[in-house]
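S.K.: need coordinates for the below:
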Amino acid sequence: MYRNLILKSFFLVSCVTFLCSCDKDFDEVGANIIGDDHFGFDKYEDASIKSYNQPLGPIGSNNQEINPLGIYTNPAFGTTTASFVTQLEMSSVNINPTFTTINNPPVIDSVILYIPYFSRLKDDTNNINTYSLDSIFGVKESKFKLSIHESGYYLRDLEPSTQFEEQQLFYTDKNAEIDSYKIGSRLNDNANTIENDQFYFRPEEIVEKTLDENDEVVRTKFIPAMRLHLRKDFFTSKILNAPSGQLYSNNIFKNYMRGLYFKVENPNNNPGNMAMINFKGGKVTVYYKQDVELTPDNPDTPVNEQVVDRLKKTFVMTLTGNTVSLLENSNESASYLAATNSTLEAEKIFLKGGQGSMAIIDLFGTTDLITYDKENDIIINEPNGIPDEIDNIKKNKWLINEANLTFYIDQSSMSNLQTFEPPRIYLYDIDTKNALADYYFDSAINSSNPKLNKPVYGGILSNEDATVVKQIKNDNGEIANKGFKYKIRITNHLRNLIKNDSTNVRLGLTVTESISTIGFSKLKTPNVNNDRVPRMSVISPVGTILYGTNIPVGDPNYDKRLRLEIYYTKPD
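M.R.: The predicted structure follows:
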């Protein structure tokens, strides 16, 4: 029993030690434990590996968890303009409302669009809350034109060509078509131009002043948000004076009022900035007054003596219907276009989210002249559909202790202070669209920052010493820290190739907004390599340039080329 207790204690301490080591330097298993030689493992860095760029084109972007809005310029890639369209849904308490006219018709006081931003509380001194905004890209407080229109484009749920059995897909390139369906003049026509022509994402706390029943001022505080005044005349006609039956249910309502179109423009060629926004957390509230008959104390009170009061009421619509993220790329750099449209092995890998680009990686080459006969432990001179490098590893009976792909950033191309680097990249099986075994083996979570979940699997932006980069802006809105590399562990993937004879599949590499979500979105135009890409790459607006594999010996950047590092143990 005492021995079992010791073993349990040793196991617990070992686990804690392992997790602590993962916190800082998750990609150096064995480092600083026995010397610096991975327990005396041998290291193999000469495995054949090739990388290729792949442009993506328009991608399915309906009903994403979060969506970009605004303008973001990355000199290494170009400018992305992100607009957005969404259906509105009546909140449950407002379905089939009754707008009464007794003495006077109902009248709208105001219509407010409210969509909270991702933000962090920095300070609350003297009861004044100061916030900083998260997930904002580009030049601090750079302004652009934001116009919100009624949309006349119907975002149906199901695809007619599949007999309404599959979800209707909408793609990132539909902005021009959606724009052609906008109805009337813009709804956010407030005289304060920060709500339209000079819009930017403001980090200030919102303080709303209202009058209570005693006509005393009540102050209500809200976190930073898009808070815009919309036209009262439009909602008087569309809601208060809606034709009979149009507000009876949300299915009817979404055809009657087909949604809101958030149109982004840059008439002054400002640098622009872009925010990642949870539009489904937003709402449109119509504040109005209407006559209401009060229940008399005496039930025998004559009708002509019943009391009528003017009450304040609200009609709430949420942004929880179907949505589409609308992306337009412009001023794309010549080097980016040349690299992503080339079929040659890549000197540099261009990864860009949204309607951007990805990379394809081949491990162990295509040479297939021999076969390892495991039963007789010999090499046979005939092909077997398996790269010869894998056959030789099997013959040599290597025990794979650790295997990593290390991607070094082209820091000269990414040096611009306004150029954000993806905090995470994602490697997957491009054939089956499955994550690799190492992804599933890593169950570690980071409760304070879920974007850093699965740290052993990796793909996290880091410095040269493997410290996680925190891209925090300084007071000038510039990025305070730049990355050096990404490292992704494929230890179990290689073990499966060698021990379990798994297929040596091609690997896909993209940026990702969330490592915990691994669903896929369809390409509008499939290419020879794939027809879908990770959904979280569509959401991300950022990109990076990595060194590829086509770098000759003697080149100054040869040591930064993409490599497969294998740490293994030979049999005695």
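S.K.: now Val93: how far from Leu369?
M.R.: When distance is defined by CB to CB, to the nearest Å, Val93 is 73 Å away from Leu369. Bear in mind the C-beta positions are built from the backbone N, C-alpha and C, glycine included.
S.K.: same question for Lys50.
M.R.: For Lys50, the distance to Leu369 - CB to CB - is 18 Å.
S.K.: which of those two has more residues huddled nearby?
M.R.: Lys50 (18 against 11; other CB atoms under 10 Å).
S.K.: state the mean pLDDT of the helix or strand hosting that one.
M.R.: In the assignment (DSSP states H and E), Lys50 maps to strand 49-55. For strand 49-55, mean pLDDT is 97.
S.K.: parallel or antiparallel, list what pairs with that strand.
M.R.: Looking at strand 49-55 with DSSP bridges, its partner strands are strand 357-363 (antiparallel).
S.K.: circling back: tell me the buried residues in the strand holding Lys50?
M.R.: For strand 49-55, the neighbour count (16 or more other CB atoms under 10 Å) marks 49-55 as buried.
S.K.: which of the residues you listed sits closest to Gly78?
M.R.: Among these, Pro55 lies closest to Gly78 (CB to CB), at 12.6 Å.
S.K.: what about the strands in the stretch 401-550 of the chain?
M.R.: Listed in chain order, the strands of the stretch 401-550 of the chain (DSSP state E, counting those that start in this stretch) span 425-429, 485-489, 507-511, 520-522, 532-534, 543-547.
S.K.: closest to Gly138 out of those strands?
M.R.: If we rank those by CB to CB, the stretch that ends up nearest is strand 543-547, at 13.3 Å.
S.K.: what packs against the closest one?
M.R.: Packing partners of strand 543-547 (3 or more CB pairs under 8 Å, 6 or more residues apart in numbering; DSSP states H and E): strand 348-352, strand 399-408.
S.K.: what is the shortest one packed up against?
M.R.: In this case it means strand 348-352. By 3+ CB pairs under 8 Å, 6+ apart, strand 348-352 packs against strand 49-55, helix 334-340, strand 357-363, strand 507-511, strand 543-547.
S.K.: turn these into JSON lines, columns for distance to Asn529.
M.R.: Below are these laid out as JSON lines (distance: least, CB to CB, whole Å):
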{"stretch": "strand 49-55", "distance to Asn529": "6"}
{"stretch": "helix 334-340", "distance to Asn529": "13"}
{"stretch": "strand 357-363", "distance to Asn529": "6"}
{"stretch": "strand 507-511", "distance to Asn529": "8"}
{"stretch": "strand 543-547", "distance to Asn529": "18"}
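S.K.: of all the ones you listed, which one is nearest Pro534?
M.R.: strand 507-511 (5.2 Å).
S.K.: centre of the chain to the closest one, how far?
M.R.: 15 Å (CA atoms, centre = their mean, to the nearest Å).
S.K.: any idea of the mean pLDDT for that strand?
M.R.: The model assigns strand 507-511 a mean pLDDT of 97.
S.K.: run through the helices of the stretch 351-500 of the chain in chain order.
M.R.: 388-396, 437-441, 491-499 (DSSP state H, counting those that start in this stretch).
S.K.: any idea how far Phe144 is from Ala47?
M.R.: Phe144 is 47 Å from Ala47, by CB to CB.
S.K.: wait, I meant Lys451
M.R.: Where Ala47 is concerned, Lys451 sits at a distance of 30 Å (CB to CB).
S.K.: that older thread, tell me which of Phe144 and Ala47 has more neighbours.
M.R.: Taking neighbours as other CB under 10 Å, Phe144 and Ala47 compare with Phe144 leading, 23 against 18.
S.K.: what pairs with that one across the strands?
M.R.: Here Phe144 sits in beta bridges with Phe199, going by DSSP bridges.
S.K.: so it sits against Tyr72, correct?
M.R.: No: at 10.5 Å, Phe144 does not count as touching Tyr72 under the criterion of CB atoms under 8 Å.
S.K.: list the residues that contact both of the two?
M.R.: Residues touching both Phe144 and Tyr72 (CB atoms under 8 Å, 6 or more residues apart in numbering) are 272-273.
S.K.: find the nearest non-adjacent residue to Phe201, please.
M.R.: Excluding the flanking residues, the one nearest Phe201 by CB to CB, 6 or more residues apart in numbering is Ala275, at 4.8 Å.
S.K.: does that neighbour sit in a helix or strand, and which one?
M.R.: Ala275 belongs to strand 273-277, assigned by DSSP H and E.
S.K.: what's in contact with the helix or strand following that strand?
M.R.: Downstream of strand 273-277, the first helix or strand assigned by DSSP H and E is strand 283-293. With CB under 8 Å, 6+ apart as the test, strand 283-293 has contacts from 88, 91, 99-115, 230, 235, 239-240, 260, 306-319.
S.K.: what is the rounded mean pLDDT of stretch 286-303?
M.R.: Per-residue scores along stretch 286-303 average to 74.
S.K.: hang on, Tyr72 in a strand?
M.R.: Yes: Tyr72: assigned to a strand according to DSSP: H, G, I helix; E, B strand; the rest coil.
S.K.: residue contacts, it?
M.R.: So Tyr72 contacts 79-80, 82, 137-138, 272-274, 541-542 (CB under 8 Å, 6+ apart).
S.K.: closest to Lys352 among these?
M.R.: Val542 (7.7 Å).
S.K.: let me know how buried the closest one is, in neighbour terms.
M.R.: 24.
S.K.: mind putting the strands of the stretch 401-550 of the chain into JSON lines with mean neighbour count and distance to Gly353?
M.R.: Shown next, in JSON lines, are those (neighbours: other CB atoms under 10 Å; distance: least, CB to CB, whole Å):
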{"stretch": "strand 425-429", "mean neighbour count": "23", "distance to Gly353": "10"}
{"stretch": "strand 485-489", "mean neighbour count": "23", "distance to Gly353": "15"}
{"stretch": "strand 507-511", "mean neighbour count": "25", "distance to Gly353": "5"}
{"stretch": "strand 520-522", "mean neighbour count": "18", "distance to Gly353": "12"}
{"stretch": "strand 532-534", "mean neighbour count": "22", "distance to Gly353": "10"}
{"stretch": "strand 543-547", "mean neighbour count": "25", "distance to Gly353": "6"}
